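>>> got a sequence here, can you build the structure:
(one chain, ligands or ions: 1)
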Amino acid sequence: MRMRKTATAATVVLALAATATACGGKSGSAGDKPKSEKVFSGDYKVAKDVKIDSPTLKKAQQRGKIIIGAKADQPFLGFQDSDGKRTGFDIEIAKMVAADLGFSPKQVEFKTVDSNVRETSISKGQVDYYVGTYTINDERKKQVGFAGPYMTAGADLLVRKDEKAITGPDKVKGKKVCSIVGSTPLQEIKKAKYGAETTELGKYSDCVKSLLDGQVDAVTTDDAILKGYAAERPSKLKVVGKPFTEEPYGIGMNKNDKALREAISKAVEAHIKNGDYKKAYEGTLGKSGSAYEEPKTPLPRY
Ligand code: GLU
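Residues are numbered from 1 along each chain as shown. Here you go, the predicted model:
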């Protein structure tokens, strides 16, 4: 394959956290005042006396709480505001599953885990399961188990509102494109055919800051994530709107815990059927402009 110089010149500014619990904490999104107070937050009926032959679940029952990995800087998906409150579609999915596994909201602990440390965090048992724009693919299936897909996104480009030249992935040759270490859209945009010059960071909100500051020309990741940033800064940012990959989202968990995978798949199916899923989608992602699509059920088992 003929490599263009621009495609290989990656500016790597690794913000890799030393531990899997890289705390995004009260990070906010690119310095904005988040609109998370306007985002839907549901209550789900908590199942009683749940007995499942899952090592992960048994451990969680013993400790009296379930630990869920999530993102903290993705508005409308996985966001933590300055009061510590978590909102977004992924947070709702996480809560629905926790309720079906028998954990009340007080027994749910969220842990911020960014893209680059997801597999480590799950396989080391630092989280019981993970819900955070996590694409199911064969490479990751070697390390973790997935329930889903519970929705499908696609890689797109976020640019400044006045951007004229970047109208699609075929127009990023020689442009500075920011993405996240350990994410599938970064792997994609690094392909020689795009000719982009990549900036690789640890958090999406840092890429958005770089875009606003003029240090990069575009940010690439899933459209569902980018629409959230654009919705918060409509006068400054826009999504190009030409998705160029398929990103089926799964709930990640220990690879060998088949019983947990089955229980989580069933929980998601039940909430799709009873309408909780749609209500949560419309109150979160629906508000940042992602169109609702009902996931196919039953979810695939493998
Ligand atoms: N869905 C993509 C992935 O799992 C990008 C979003 C993310 O980094 O969470 O890599």
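>>> ok, then the element right after the longest strand along the chain?
Ranked by residue count and defined by DSSP state E, the top strand of the chain is strand 144-153. Elements were assigned by DSSP states H and E; along the chain past strand 144-153, the next helix or strand is strand 155-160.
>>> that next one packs against which elements?
Packing contacts for strand 155-160, counted by 3 or more C-beta pairs under 8 Å, 6 or more residues apart in numbering; DSSP states H and E, involve helix 184-189, helix 204-213, strand 218-222, helix 223-232, strand 237-239. Every C-beta, even on glycine, is put in place using the N, C-alpha and C of the backbone.
>>> which residues of this protein lie near the ligand?
Residues of the chain lying close to the ligand by C-beta under 6 Å from any ligand atom are 115, 132, 133, 134, 135, 180, 183, 184, 185, 221, 222, 247.
>>> output these in TSV, with neighbour count and pLDDT appended to each entry.
Output for the residues of the chain next to the ligand, formatted as TSV (neighbours: other C-beta atoms under 10 Å; pLDDT from 0 to 100):
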residue	neighbour count	pLDDT
115	24	95
132	27	98
133	24	98
134	29	98
135	24	98
180	23	96
183	25	97
184	22	97
185	27	97
221	28	98
222	28	98
247	25	98
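>>> identify the farthest-apart pair in these.
With C-beta to C-beta as the measure, no two of these lie farther apart than 132 and 185, at 14.4 Å.
>>> paired strands for the longest strand of the chain, with orientation please.
strand 247-254 (antiparallel) (DSSP bridges).
>>> so what angle separates the directions of the strand it pairs with and strand 155-160?
Here the directions of strand 247-254 and strand 155-160 differ by 110 degrees (axes from the mean of the first three to the mean of the last three C-alpha atoms, to 10 degrees).
>>> which other residues reach strand 247-254?
With contacts defined as C-beta atoms under 8 Å, 6 or more residues apart in numbering, strand 247-254 is touched by 55-56, 69, 90, 93-94, 97, 118-119, 122-123, 125, 128-131, 133-136, 140, 144-155, 184-185, 222, 260-261, 264, 268.
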